[in-house]
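Undergrad: any chance you could fold what I've pasted below:
(4 chains)
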2 protein chains.
Amino acid sequence: MAFPNPAVHRIRCHPLPSVCPDPRPDVATTKAQNKSVTLHDVARAAGVSLITASRALSNPGMVSAKTIERVQQAADAVGYIPNLIAGGLKSRRSLMVAAVVPDIAVTQFLPTIKALTETLEAAGYHLILGQSSYDDSREEALLNAMIGRRPDGIVVTGLIQSEAARERLRQSGIPVVETWELSDRPVDMAVGFSHVKVGSAVAGYFLAKGWQRVGIATGDDRRARIRSEAFVSTFGRPVPTAVVPAPSNLPLGRRALAELLDKAPGLQAICCSSDQLAQGVLVEAQARGLRVPGDLAVCGFGDAEASAHMAPSLTTVQVDAAHIGAIAARLILDKCKGLPVEPRVVDVGFRVIERASTGGPD
Amino acid sequence: MAFPNPAVHRIRCHPLPSVCPDPRPDVATTKAQNKSVTLHDVARAAGVSLITASRALSNPGMVSAKTIERVQQAADAVGYIPNLIAGGLKSRRSLMVAAVVPDIAVTQFLPTIKALTETLEAAGYHLILGQSSYDDSREEALLNAMIGRRPDGIVVTGLIQSEAARERLRQSGIPVVETWELSDRPVDMAVGFSHVKVGSAVAGYFLAKGWQRVGIATGDDRRARIRSEAFVSTFGRPVPTAVVPAPSNLPLGRRALAELLDKAPGLQAICCSSDQLAQGVLVEAQARGLRVPGDLAVCGFGDAEASAHMAPSLTTVQVDAAHIGAIAARLILDKCKGLPVEPRVVDVGFRVIERASTGGPD
DNA sequence: GATCGGAATGATAACGTTGTCATTCCGGTG
DNA sequence: CACCGGAATGACAACGTTATCATTCCGATC
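TA: Just a heads-up that it's a prediction; the model follows:
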């Protein structure tokens, strides 16, 4: 005897015998693709009113268990998938959160986005992702477009620079979280750390090491510049600097070191604005026969996954990127629930991790 | 003077003293938030009918230049931001595309997502991002939820495994692009390459090199397994294999090599299912005093940004991830415009790039 | 037995936009 | 002068759901 063809089970809109006495002309269904299954169909199939069906599926507290069961079955039977666009229009809850990052391919922000997505997904929310390309005017335009989607929250990487955008966001009433940075004047909420303190801490570490001749390799984005400036300020004297266009990466790091050694031969240590840059510096140093950290010490920023495992392992500044995302999601979800959100500004701090590239443990 | 303890900076939730002077006068703003500016307000301000205002802003061809100007100014004056939820409900165009990836933090897919976002953004579309965590049932649930958002297209990484999900997607009528893989039976469209051919090509390369004793380090996700199996099949004899849980990364690569050398001492070459894994193998080999490629050759997959710059540089299989994203976006945009989409399945191919880690040029 | 109150359900009207079908207006044509 | 046709505008009704207010029903209370 032949095994029954699995394709048999692919029948569409299979009506429960008790539900749809109506012998649906299935051909028409397939053709009339424009006619999708709505809550109306579910209600009819379950023999209840439209609104009861709605409540049974999305507000079960108000409906009897028996009715819920019946509606649930009817929904399954007709293959109902609630239209969140329609629901969102009426309820003013889109169950979406918009996230704006400077560059999607920058690994630094990935754990933040990931934690954000996961926390939101668990609560039935989804993420709309936008990329500003490190351009303030694009960020403004993007935020405008996002507001049009009426998200229940907006998460931005960095402080929003455009005053017009800040004002419009405030006006919109949408919860906003600025991340990866702190502010005494956030649009709404903020989760991050002080880039000034990071720059100072690294400079303090360099000073404690007694290095005299140091250089900086930095991306040209605002936050990297803030760190670099704070470094110079704490270090207390001019520091040769190579600036590369953001997003920084390994090849740019190689070039940056070449440029620095050209400008200032005999450097003892390099402070980099990202681990990717630092990895490039490391590679270029080794390619030039410099021993790290003996001839040249290197410090990065961000604690990339590979940094602890390089040879030598890379000293860096660790930031809990995932924590930032999780907190941002939590702040927004709480605010959506109407819970009081305190404090509005959260400092997640950072940590200098000393590894082999500056003479620390491997 | 003591070096300041870095741990100081780890304080969590540390509210900056200067931060919350917070007698926020925005109470009124927050309250009167329920009344947002609608097209109605714009129409009234411009002295035209609702529908004329609508057309002036989103279908300017049908309206006189003078009227457009007037509506435009009115919109600016009242600070109008169109509600895309409402528009989407009526027009059945959400201007959103859903993308499902196995893991947001996997760099391999980043260029695809980035290109997707950029191409879509240029056309006024935005991306909703979801993560399936390499779990078929989560993928199915996620796709269901996404369908509820009525996106104008869905992009999935890999072929959709759940037959129920495939059927529901077909039923939904939403354009679907399966990426990073090929199929003779796609749900709708596909852009990718043959993992079988990749595995075979690498095996062919290993054979040509004359290596006898080889090993595999592979993630446990479906596509990595397909490549590994094809490798074994072409190689023509059993190959010791270390399997690590996806997503694979550098530390897992170190462990994988340790496991392989334990199982089969004296291996000459390792085929890895990702560059991250290969980098770990490289590090572990060097840590054990093995020269690469002299004692051990290593090949990765994916051509990660750093791979060309490692010491030694990493032989790998290059795939144009960005191209995949751009094509996927184009296919969906074309289909939305009603253009005929041919062909439905696009093979973007791949390339084995020989570098120093297998005896190639640096 | 009348009254009350909560649980369950229903009817209706939105939500803010766009598709569809009218209507108006105008200059040009027969 | 009647007529036509296209350009510009408008009225109205959706889109598919949920908020709001009403209604029914039932057991409990006085």
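Undergrad: every contact and neighbour count from this point should use C-alpha atoms.
TA: Will do.
Undergrad: in the stretch 251-362 of chain A, which spans are strands?
TA: Taking DSSP state E, counting those that start in this stretch as the test, the strands found in the stretch 251-362 of chain A are A:269-272, A:297-299, A:316-318, A:345-347, A:351-353.
Undergrad: so which of those is the most surrounded?
TA: strand A:297-299 (a mean of 29; mean count of other C-alpha atoms under 10 Å in any protein chain shown).
Undergrad: residues in contact with it?
TA: A:268-272, A:275, A:278, A:281-282, A:292, A:314-316, A:357-359 (C-alpha atoms under 8 Å, 6 or more residues apart in numbering or on different chains).
Undergrad: and for stretch A:275-286?
TA: Contacts for stretch A:275-286 (C-alpha under 8 Å, 6+ apart): A:217-218, A:248-258, A:271-272, A:291-292, A:296, A:298-304, A:307, A:314, A:316, B:309-311.
Undergrad: could I get the CA-only coordinates of that stretch as CSV?
TA: Output of stretch A:275-286 as CSV, limited to C-alpha atoms (Å, rounded to 0.1, in the frame of the first residue of the first chain):
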residue,chain,number,x,y,z
ASP,A,275,39.1,47.6,17.9
GLN,A,276,39.0,47.2,14.2
LEU,A,277,41.3,50.1,13.8
ALA,A,278,43.6,48.7,16.5
GLN,A,279,43.7,45.4,14.8
GLY,A,280,44.9,47.1,11.7
VAL,A,281,47.5,49.0,13.7
LEU,A,282,48.6,45.6,15.1
VAL,A,283,48.9,44.0,11.7
GLU,A,284,50.8,47.0,10.2
ALA,A,285,53.1,47.1,13.1
GLN,A,286,53.9,43.4,12.8
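Undergrad: and it, which residues are buried?
TA: Of the residues in stretch A:275-286, A:275-285 count as buried by neighbour count, 16 or more other C-alpha atoms under 10 Å in any protein chain shown.
Undergrad: save those residues as TSV, and put in pLDDT too.
TA: Formatted as TSV, these follow (pLDDT from 0 to 100):
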residue	pLDDT
A:275	98
A:276	97
A:277	97
A:278	98
A:279	96
A:280	96
A:281	97
A:282	96
A:283	93
A:284	95
A:285	96
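Undergrad: which among those gets closest to residue B:117?
TA: residue A:276 (23.4 Å; C-alpha to C-alpha).
Undergrad: could you pull out the helices for the stretch 101-250 of chain A?
TA: A:110-122, A:136-148, A:163-172, A:195-209, A:222-235, A:250-263 (DSSP state H, counting those that start in this stretch).
Undergrad: the third one near DNA strand C anywhere?
TA: No - with C-alpha under 7 Å from any atom of the strand as the measure, helix A:163-172 is seen stopping short of DNA strand C, the closest distance being 11.8 Å.
Undergrad: hang on, the earlier thing: buried ones among the contacts of stretch A:275-286?
TA: Members of the contacts of stretch A:275-286 classed as buried by 16+ other C-alpha under 10 Å are A:217-218, A:248-258, A:271-272, A:292, A:296, A:298-304, A:307, A:314, A:316, B:309-311.
Undergrad: quick one, what contacts residue A:266?
TA: Taking C-alpha under 8 Å, 6+ apart as the test, what residue A:266 contacts is residue A:213.
Undergrad: quick check: it vs residue A:253, distance?
TA: 18 Å (C-alpha to C-alpha, to the nearest Å).
Undergrad: next one: residue A:305
TA: Noted for residue A:305: a distance of 17 Å to residue A:253, by C-alpha to C-alpha.
Undergrad: now swap in residue A:92 and tell me
TA: From residue A:92 to residue A:253 the distance is 47 Å (C-alpha to C-alpha).
Undergrad: same deal with residue A:243?
TA: Counting by C-alpha to C-alpha - residue A:243 and residue A:253 are separated by 10 Å.
Undergrad: show me the common contact partners of those two, please.
TA: residue A:217.
Undergrad: isn't residue A:52 right up against residue A:61?
TA: No - the pair residue A:52 / residue A:61 is not scored as a contact, 11.4 Å apart, by C-alpha atoms under 8 Å.
Undergrad: these two: who's more crowded?
TA: For residue A:52 versus residue A:61, neighbours defined as other C-alpha atoms under 10 Å in any protein chain shown are more numerous around residue A:52 (20 against 11).
Undergrad: now name the helix or strand holding that one.
TA: Assigned by DSSP states H and E, residue A:52 belongs to helix A:50-58.
Undergrad: list of residues touching that helix?
TA: A:39-40, A:42-44, A:46, A:62-63, A:67-68, A:71-72.
Undergrad: now render these as JSON lines, adding neighbour count and secondary structure.
TA: Compiled in JSON lines, these are given as follows (neighbours: other C-alpha atoms under 10 Å in any protein chain shown; DSSP: H, G, I helix; E, B strand; the rest coil):
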{"residue": "A:39", "neighbour count": "22", "secondary structure": "helix"}
{"residue": "A:40", "neighbour count": "16", "secondary structure": "helix"}
{"residue": "A:42", "neighbour count": "27", "secondary structure": "helix"}
{"residue": "A:43", "neighbour count": "20", "secondary structure": "helix"}
{"residue": "A:44", "neighbour count": "16", "secondary structure": "helix"}
{"residue": "A:46", "neighbour count": "25", "secondary structure": "helix"}
{"residue": "A:62", "neighbour count": "11", "secondary structure": "helix"}
{"residue": "A:63", "neighbour count": "14", "secondary structure": "coil"}
{"residue": "A:67", "neighbour count": "17", "secondary structure": "helix"}
{"residue": "A:68", "neighbour count": "22", "secondary structure": "helix"}
{"residue": "A:71", "neighbour count": "26", "secondary structure": "helix"}
{"residue": "A:72", "neighbour count": "17", "secondary structure": "helix"}
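Undergrad: quick check: the residue of chain A found nearest DNA strand C vs DNA strand D, distance?
TA: Relative to DNA strand C, the nearest point of chain A is residue A:90 (3.2 Å; C-alpha to the nearest atom of the strand). Taking C-alpha to the nearest atom of the strand, to the nearest Å as the measure, residue A:90 falls 5 Å from DNA strand D.
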